[in-house]
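fold the following.
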Amino acid sequence: MNTIISPQLSHIETYLYRDNRPSHPLDFFVQLELEGDFCPERFQAAIGRTLPFHPLLQARVSEAGRQLKWCLRDSAAEISFQEQADSGTVAAINIQQNAGLKCWFSRSQPGTVVTFQFHHAATDGLGAFGFIEDVLRCYSSDETCLEKWEPRSVSRLKERHWCGYEKDSILNMVRRQAKALYASREFSGREFVPVKQHQLATGDDAPADSYPHFLSHQFSQEETQAMDALARRLSVSRNTLLLRNAFVAVDQFRQNLDEYSANDWMRIAVPGNVRFGKTNDNIPAANLFSMTFPAFSGLQISDHTALLQQIQQNMTASRRDYYLPTFLLALKAMTKIPGAMERTVKANKCMATFLLTNVGCPLQDFSSATCRDSTQHLLVVANVQLIPPMRPFQTISLAVMEHNQRQNVTMSYDARVHSQDEVQQMMNNLVQQFLLATD
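Alright, predicted model coming up:
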């Protein structure tokens, strides 16, 4: 249990490790709003019993020359779970010195907020929620629950090196890769704009005080059902609606800026899950995702109906025609060329306007369910928030998920660039797009 299968960093882990910087930490957060009787000691014990099944969250990155490996030290004891009364600035995780997980809790009305902080090199969002799900199960069961269930097979961590993507014939792979590379040619040399022009913080600058900065909106169950009905009526996915409305909402905000031009191109970085079907649901916390990058100009965004169909085609092709594996293939090539990865993550221009990640319906067993400990004390998971990271020139990031049949949207933002009023305006634009479409 105390070993990591294939300790060398995978290509996506290497990319995330190299892309981390003090000014833009690659940390993300999950906050659980719990109501009812909460026992911190029992929760801490549940974390301790769960961690061995997710060893990457206990490991540090060891760097020797160009070789990067996960080093599993006695870091489980360092992952404390204490009350934090002050909601001040959170320190970013130094993955070379510390484990890729921190967690704490704070008292609130009407209950308790538990916060998990993850370094992205150690896991993606779905892996993080898998870990949290195991902690909640362990909290609500006896001390041997994980040993009985064996929900995570540590030996399967070796699969993260090929990201669990469906294997294919060489002919099909070459054909699809060629099509993906051909389609991506239109982006070569194209300039993308940030949400708002700004002077980039230097690499040694820390985020603004009270990091992380974010605000959230939760749609009602009725509004969420209306979104699904609209998506079915338009023969698209809810994720396509989210992407379309995000493009429109940010473009509307930018139209009030002096630098705006309808010819500007915006690009969204969209993480895509490459866990193949249900076969990798029981993999421990790890990175099994790739990226796709839909991009449109202001002129294209103005036609909302056509934009919706183009995004649907784009996202469908991302999976069917190997766009997602193309990004992983590029990372694999970069790791073979000395200095290529470092040049790729150099922050000298805007690579994507913002990020939108959709983690679906995590913690479904706890969305409206309750946890009962051995004394039958009641604990309800009332709400969940995912606070995503930002990269240089990406001054906002969006995370969407469903909890208790309600669509949640969380927007993290760079307080060095945006005021809270500006971010609230973008969120209002996004909410309004949904409400207008479902009226």
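
rest of the way, CA atoms for contacts and neighbours
OK.

buried residues, stretch 298-310. List them.
Neighbour-count burial for stretch 298-310 flags Gly298, Gln300, Ile301, Ser302, Leu307, Leu308, Gln309, Gln310 (criterion: 16 or more other C-alpha atoms under 10 Å).

the stretch 51-200 of the chain: strands as residue ranges?
Listed in chain order, the strands of the stretch 51-200 of the chain (DSSP state E, counting those that start in this stretch) span residues 60-64, 67-71, 81-83, 101-107, 112-119.

can you tell me which of the ones you listed comes nearest to Gly127?
With respect to Gly127, and counting by C-alpha to C-alpha, the nearest of the strands of the stretch 51-200 of the chain is strand 112-119 at 10.2 Å.

got the contact list for the residue most central in space within the chain?
Centroid check for the chain by C-alpha atoms, centre = their mean gives Gly125 as the closest residue, at 4.6 Å. For Gly125, the contacting residues are Val359, by C-alpha atoms under 8 Å, 6 or more residues apart in numbering.

what pLDDT does it get?
You'll see Gly125 listed with a pLDDT of 96.

can you list the weak-confidence ranges in the stretch 251-400 of the chain?
Within the stretch 251-400 of the chain, the stretches with pLDDT under 70 are 276-281, 321-323, 367-378.

of the buried residues of stretch 298-310, closest to Leu435?
Set against Leu435, the nearest of those by C-alpha to C-alpha is Leu308 (16.1 Å).

surely the closest one meets Asn239?
No. In terms of C-alpha atoms under 8 Å, Leu308 does not count as a neighbour of Asn239; the distance is 10.5 Å.

could you point out which of the strands of the stretch 51-200 of the chain sits nearest Ser23?
Among those, strand 112-119 comes nearest to Ser23, with 14.5 Å by C-alpha to C-alpha.

now the closest one: average pLDDT?
In this model, strand 112-119 has a mean pLDDT of 96.

tell me which residues are up against that strand.
Residues contacting strand 112-119 (C-alpha under 8 Å, 6+ apart): 26-35, 38, 57, 93, 95, 100-107, 128.

now those: which count as buried?
If we count by 16+ other C-alpha under 10 Å, the contacts of strand 112-119 have these buried: 26-35, 38, 57, 93, 95, 100-106, 128.

the lengthiest helix in the chain packs against which elements?
In the chain, with assignment by DSSP state H, the single longest helix is helix 420-438. Judged by 3 or more C-alpha pairs under 8 Å, 6 or more residues apart in numbering; DSSP states H and E, helix 420-438 is in contact with helix 221-234, helix 238-254, strand 406-413.

report the buried residues of it.
Using 16+ other C-alpha under 10 Å as the test for burial, helix 420-438 gives Val423, Gln424, Gln425, Met426, Met427, Asn429, Leu430, Val431, Gln433, Phe434, Thr438.

Ala249 is in contact with the fourth one, correct?
Yes. The criterion here is C-alpha under 8 Å, and Met426 meets it with Ala249 at 6.0 Å.

next, Val359: phi, psi?
Taking degrees, to the nearest 10, you get phi -100, psi 10 for the backbone angles of Val359.

next, count neighbours for it.
Using other C-alpha atoms under 10 Å, Val359 has 18 neighbouring residues.

so what touches the longest helix of the chain?
So helix 420-438 is contacted by 215, 217, 223, 226-227, 230, 245-246, 248-250, 252-253, 411, 413 (C-alpha under 8 Å, 6+ apart).

now, among these, which is nearest to Asn348?
Tyr413 (19.9 Å).

now for the closest one: which residues touch it?
Counted by C-alpha under 8 Å, 6+ apart, Tyr413 has contacts Pro212, His213, Phe214, Met390, Thr395, Ile396, Ser397, Val423.

rerun at 7 Å
His213, Phe214, Thr395, Ile396, Ser397 (C-alpha atoms under 7 Å, 6 or more residues apart in numbering).

residues near His24, how many?
By the criterion of other C-alpha under 10 Å, His24 has 24 neighbours.

relative to Asp205, how far out is it?
His24 is 9 Å from Asp205, where distance means C-alpha to C-alpha, to the nearest Å.

repeat for Pro338
As defined by C-alpha to C-alpha, Pro338 lies at a distance of 27 Å from Asp205.

go on, Gly272?
30 Å.

of the buried ones among the contacts of strand 112-119, which belong to helices?
Among the buried ones among the contacts of strand 112-119, the residues falling in helices (DSSP H) are Ala128.

who touches the nearest residue to Ser153 once chain neighbours are set aside in this structure?
Leaving aside its chain neighbours, Ser153 sits nearest to Ile283 (6.2 Å; criterion: C-alpha to C-alpha, 6 or more residues apart in numbering). For Ile283, the contacting residues are Arg152, Ser153, Arg156, Leu157, by C-alpha under 7 Å, 6+ apart.
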